[in-house]
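Undergrad: Could you work out the structure for the sequence below:
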Amino acid sequence: MARLLLILLLTTTLRAAERPNVLFIVVDDLRASVGVFGDPLAVTPHINALGARGTVFVNAHCQIAICNPSRASVMTGRRPDTIRVWGLKKHFREENPRVITLPQWFKQQGYHTHSVGKIYHGSGKPSTDPPSWSGKPEFDHCEKIDQYLLSRNRTGRKAAGAESSPSKDSDHIDGKVADAAIANLRQLKQSSKPFFLAVGFRKPHMPFSAPVKYWALYDRAKLARPQNPRMPQDAPAIAAHQWPEARGYTDIPGQGPMTVDKIAELRHGYYAATSFMDAQVGRVVAELKRLGLGQNTVISLYSDHGFHVGEQNLWGKLTNYDTGTQVPLLFVAPNQKARGRVIRQAVELLDIYPTLTDLCGLPKPGQLAGKSLARQLDQPGPTKNFALSQFPRPVAYNFKSAPPRAMGYSIRDDRHRLTQWIDFASGKILAEEFYDYTVELPESKNLISAPQSAQAIGRLRPKLTAFIKTY
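TA: Next up is the predicted model:
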């Protein structure tokens with residue numbers, strides 16, 4: 001009996017050792033302003049290279065366009081209404097203590113799981129989740145002072161909205177995260193266990209702080225003006241917001257119009273910070289390859305939500321428009337048959353959890369709300385072609401004492417978006433929006449009453465209503 005148990009143990013260990021590793025890359029506030037995701041102005045060669053090696057989902061959407069709830073949804077595989085997390089202050093385990101997170105599931109399957117950078121929320125209790133990790137996370141928390149390099153901005157509070165400095169990459173928090181990730185890869189190379197290494201970068205989150213060399217990559221005049229700087233015609237007032245995320249910085253007016261020069265500077269800063277982050281991704285992936293780990297490592301990269309930099313006259317996230325919900329999502333698998341495939345059907349971030357379990361040959365835990373995208377890495381075929389996003393109104397940091405008063409639920413497919421704003425208690429519909437993404441500037445006019453929209457609305461409305469009733 002003892003000999004049989006030893007044989008079974010060795011067999012299990014061998015199987016675990018043969019499983020692919022996972023490099024799980026998370027980016028903060030990165031909308032689809034990436035070359036491989038369709039932005040010709042973005043200088044992002046390293047993410048572009050990953051896309052050329054893997055599969056790119058150019059129509060991927062978050063569940064809710066704010067950090068803590070979006071990341072909690074991804075990591076638990078459940079929708080925000082299921083885990084009842086809609087704001088920044090609540091930890092998902094308060095009402096879901098037994099939920100098994102994505103890294104926790106991999107840990108239970110024999111993986112060494114480790115966290116470097118911002119994986120959950122970046123501050124307070126929601127930034128930590130000890131059951132997810134095999135050891136102590138690194139750089140999972142940082143203060144506003146850590147986001148700046150220039151002494152005049154290191155006040156401990158919001159200062160300038162953008163900052164260009166004669167600094168080195170490793171002077172910045174994301175550079176330090178890349179350094180730590182590289183050091184961890186060198187250690188994990190020696191381990192007999194497969195690993196799940198989560199690496200979270202904070203840029204291009206505000207403040208848009210990056211070394212001057214990344215600012216120099218861009219011609220500011222080409223970035224100066226957002227394509228669609230006004231709220232959509234006939235959009236309901238509830239779709240907009242006055243949240244002071246960007247307006248709280250000292251060089252940005254609290255209300256009213258921004259100057260043309262300030263808009264140009266902030267948009268330039270967003271792209272500079274994106275290129276800086278892209279360079280850190282490149283450093284980590286290059287070390288993975290140098291160590292000979294690339295041939296047995298699944299790479300995933302996603303952003304928690306998008307970011308308005310003047311589009312719809314909004315600054316920040318917190319919307320159900322594409323600029324708020326659409327995010328980069330890609331996978332690179334060692335043995336995938338096709339490289340560089342671009343999937344244009346709609347998918348959602350909830351699909352990450354089941355996709356990674358499939359790519360690593362693991363069973364899936366129950367109650368995952370997403371669908372695996374693993375088959376799309378090997379052969380073209382239909383996805384579920386929908387993504388469900390939501391956002392509460394009024395915007396608030398916290399919903400611990402009471403649920404939201406209203407919620408906007410939005411369903412997106414490969415062509416259209418239908419949004420219903422409802423009273424959260426009664427379910428009464430307060431307003432609707434509909435947009436057609438086959439036309440130029442699709443979010444410039446709400447087409448909910450347009451006769452040509454009736455067929456598509458009739459197709460999407462029952463699906464959206466069913467989701468609202470379910471969740």
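Undergrad: quick one: low-confidence ranges for the stretch 201-350 of the chain?
TA: For the stretch 201-350 of the chain, no stretch is flagged by pLDDT under 70.
Undergrad: Going by neighbour count, which residues in stretch 311-329 are buried?
TA: Under the neighbour-count criterion of 16 or more other Cβ atoms under 10 Å, stretch 311-329 has 311-312, 314-329 buried. Every residue, glycine included, has its C-beta placed from N, CA and C.
Undergrad: With stretch 410-423 instead?
TA: 410-413, 415-422.
Undergrad: And the furthest pair within the residues you listed?
TA: Arg415 and Ile422 (23.5 Å; Cβ to Cβ).
Undergrad: other SSEs contacting the helix or strand that contains Ala454?
TA: Per DSSP states H and E: Ala454 is located in helix 454-470. Where contact means 3 or more Cβ pairs under 8 Å, 6 or more residues apart in numbering; DSSP states H and E, helix 454-470 is packed against strand 406-412, strand 416-423, strand 429-436.
Undergrad: go with 10 Å
TA: With contacts defined as 3 or more Cβ pairs under 10 Å, 6 or more residues apart in numbering; DSSP states H and E, the packing partners of helix 454-470 are helix 80-83, strand 387-393, strand 406-412, strand 416-423, strand 429-436.
Undergrad: so how far is that helix from its chain's centroid?
TA: Centroid separation for helix 454-470 versus its chain: 25 Å, with Cα atoms, centre = their mean, to the nearest Å.
Undergrad: Average pLDDT for that helix, rounded please.
TA: What helix 454-470 shows for mean pLDDT is 95.
Undergrad: where along the stretch 101-250 of the chain do the helices fall?
TA: Here the stretch 101-250 of the chain has its helices, by DSSP state H, counting those that start in this stretch, at 102-108, 173-188, 212-215, 220-223.
Undergrad: so what's Gly340 closest to, chain neighbours aside?
TA: Ala52 (4.8 Å; Cβ to Cβ, 6 or more residues apart in numbering).
Undergrad: Would you format the helices and strands packed on helix 454-470 as JSON lines with distance to Arg186 included?
TA: Shown next, in JSON lines, are those (distance: least, Cβ to Cβ, whole Å):
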{"stretch": "helix 80-83", "distance to Arg186": "36"}
{"stretch": "strand 387-393", "distance to Arg186": "38"}
{"stretch": "strand 406-412", "distance to Arg186": "41"}
{"stretch": "strand 416-423", "distance to Arg186": "45"}
{"stretch": "strand 429-436", "distance to Arg186": "48"}
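Undergrad: Let's have those in TSV, adding mean pLDDT and distance to Gly370.
TA: Output for those, formatted as TSV (pLDDT from 0 to 100; distance: least, Cβ to Cβ, whole Å):
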stretch	mean pLDDT	distance to Gly370
helix 80-83	96	12
strand 387-393	97	10
strand 406-412	98	15
strand 416-423	98	19
strand 429-436	98	24
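Undergrad: Distance of the closest residue to Gln312 other than its chain neighbours relative to Met258?
TA: The shortest distance from Gln312 to any non-neighbouring residue, by Cβ to Cβ, 6+ apart, is to Met231 (5.2 Å). Plainly put, Met231 is 15 Å away from Met258 if you go by Cβ to Cβ, to the nearest Å.
Undergrad: Need the phi and psi values for Val284.
TA: Val284 has phi and psi values of phi -70, psi -50 when expressed as degrees, to the nearest 10.
Undergrad: tell me the contacts of the residue nearest to Gln312?
TA: With contact set as Cβ atoms under 10 Å, 6 or more residues apart in numbering, Met231 has these partners: 237, 239-240, 311-314, 321, 443-444, 446.
Undergrad: Then Phe307?
TA: By Cβ under 10 Å, 6+ apart, Phe307 lies in contact with 28-31, 33, 65, 204-206, 245-246, 270, 274, 314-319, 323-324, 327.
Undergrad: Among these, which ones are in helices?
TA: The subset of those located in helices under the criterion DSSP state H comprises 270, 274, 323-324.
Undergrad: quick one on the thing from earlier: name the nearest of the buried residues of stretch 410-423 relative to Thr465.
TA: The shortest gap between Thr465 and any of the buried residues of stretch 410-423 belongs to Gln420, at 7.9 Å (Cβ to Cβ).
Undergrad: For the closest one, give me its contacts.
TA: Counting by Cβ under 10 Å, 6+ apart, Gln420 makes contact with 320, 390, 407-411, 427, 429-433, 448, 461, 464-465, 467-468.
Undergrad: which among those residues end up buried?
TA: Among the contacts of Gln420, those that count as buried by neighbour count (16+ other Cβ under 10 Å) are 320, 390, 407-411, 431-433, 448, 464-465, 467-468.
Undergrad: Quick check: nearest residue in space to Ile468, chain neighbours excluded?
TA: Distance criterion Cβ to Cβ, 6+ apart; nearest residue to Ile468, sequence neighbours excluded, is Tyr409 at 5.3 Å.
Undergrad: doesn't Tyr409 make contact with Asp423?
TA: No - here Asp423 does not reach Tyr409: they are 12.0 Å apart, not a contact under Cβ atoms under 10 Å.
Undergrad: Ile182 - how many residues pack around it?
TA: Neighbour count for Ile182, taken as other Cβ atoms under 10 Å: 19.
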